[in-house]
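Student: Fold the following for me, if possible:
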Amino acid sequence: MKTEHSTNPQVAVKDVWKSFDRGRIEVLKGVSLDVCKGELVALCGTSGCGKSTLLNVVSGLEDIDRGEVAVLGHDVVDEKTRVKLLRFHIGYVFQFHHLMPDLTLAENCLVPVIAAGGSRAGALERLAELAEATGLSHRLKQQVRELSGGERQRGALVRALMNDPEILLCDEPTGALDEKNRDNVMELLMDLVRSRGRTMIMATHDLDLAKRCDRTMKMRDGRIEGEIR
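Tutor: Next up, the predicted model:
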C-alpha cells in the first residue's frame, strides 16, 4: 500500500548540491526529495549517479555545499544534531556490511546500543528478537569472519535496527549477494520495515528490487529525473 504524502515529511531534501575535490567533481546537482513517515522510497540509477552520496547527505555522514536537509524536522547541518540522529533515529545498512571481523555477531550488533548509552538488558532482549526474525539466533556467538555473505548482510540489518530507528537508509543492501541470498535478504528487509511502520530510503541499481518500494526515483548524473512508474 502506498503512503500518502504529508506536508511534514520525515526527510526533506531541498536543492542540495554536493561536490568533491574542492568543487571540481559535482556529485549532487540541485537534488530535492521529500519522504513521508512509513514510506519506502528507492533511488535507482547506475553507479556514480549520486545515490550513495544522497544517502550519506541525509544521514549527515557528508556535508553539503548548499541547499537544505532536514530529518525529523531537524537541520542536519548541525554536528550535534547529526550525531544524535545517527545514534537514535537513523539506521544505516551498507553494501559491504562493515561488520568488525574479529568480534562476534552479537558484539557487532550491540555496538549501536553501547554508543547510544542504552540498557544492556533491553539490548539483549531486542537482539534476541531480531536474531530470531532474521534466522541468526544460532550464529550470534560466531565471529563475523566465520559467517557467510548472506549471514553477514542479515547481521548488518540487525545492527541497523538495534536502536529501533524511525528511518532506515540502505545502500545497495543486496549488491554483494548472489541471487538467492539477495531475494531472501530483500524480503526480510521489507517485512521488518513494513511491520514496524518505519521509513526507508534504499539506493539500488536493480530496478526489480526498487519496484518493491512505494516509489522509485530515477537518478542520473547527480539529479533526480523523476519517478519511475
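Student: Which residue, neighbours along the chain excluded, lies closest to Cys49?
Tutor: Leaving aside its chain neighbours, Cys49 sits nearest to Met219 (4.4 Å; criterion: Cβ to Cβ, 6 or more residues apart in numbering). Glycine gets a C-beta too; all of them are placed from N, C-alpha and C.
Student: Wait, a helix at that neighbour?
Tutor: No - counting by DSSP: H, G, I helix; E, B strand; the rest coil, Met219 is not part of a helix but strand.
Student: pretty sure it is touching Ser52, no?
Tutor: No - counting by Cβ atoms under 8 Å, Met219 does not reach Ser52; the two are 10.3 Å apart.
Student: Which SSE is immediately downstream of the worst-scoring helix or strand of the chain on mean pLDDT?
Tutor: The weakest-scoring helix or strand in the chain, judged by mean pLDDT, DSSP states H and E, is helix 179-195 (a mean of 83). Sequence order places strand 199-204 as the next helix or strand after helix 179-195, per DSSP states H and E.
Student: Check which residues of that next one are buried.
Tutor: 199-204 (16 or more other Cβ atoms under 10 Å).
Student: could you pull out the strands for the protein?
Tutor: Along the chain, the segments classed as strands by DSSP state E run 11-20, 25-35, 40-44, 66-71, 74-75, 90-93, 167-171, 199-204, 215-220, 223-228.
Student: For Ser148, find the nearest of those.
Tutor: strand 90-93 (16.9 Å; Cβ to Cβ).
Student: Just give me the residue right at the centre of this protein.
Tutor: Leu169 (1.5 Å; Cα atoms, centre = their mean).
Student: What's the separation between that residue and Ser52?
Tutor: Noted for Leu169: a distance of 10 Å to Ser52, by Cβ to Cβ, to the nearest Å.
Student: Next: Leu33.
Tutor: Leu33 is 14 Å from Ser52, by Cβ to Cβ.
Student: For the residue of the chain positioned farthest from its centre, give me the pLDDT.
Tutor: Distance from the centre of the chain peaks at Arg24, with 27.7 Å (Cα atoms, centre = their mean). Model confidence at Arg24, expressed as pLDDT, equals 88.
Student: Next, it: phi, psi?
Tutor: phi -80, psi -20 (degrees, to the nearest 10).
Student: which sections of this protein are below the confidence cut-off?
Tutor: By pLDDT under 70, the weakly predicted segments of the chain are 1-7.
Student: wait, Pro165 sits on Ile90?
Tutor: Yes - contact criterion Cβ under 8 Å: Pro165 and Ile90 qualify, at 5.3 Å.
Student: Which one of those two is surrounded by more residues?
Tutor: Ile90 (25 against 21; other Cβ atoms under 10 Å).
Student: do you know how far that one is from Val71?
Tutor: 7 Å.
Student: what touches both of these two?
Tutor: Common neighbours of Ile90 and Val71 are listed as 58, 60, 167 (criterion: Cβ atoms under 8 Å, 6 or more residues apart in numbering).
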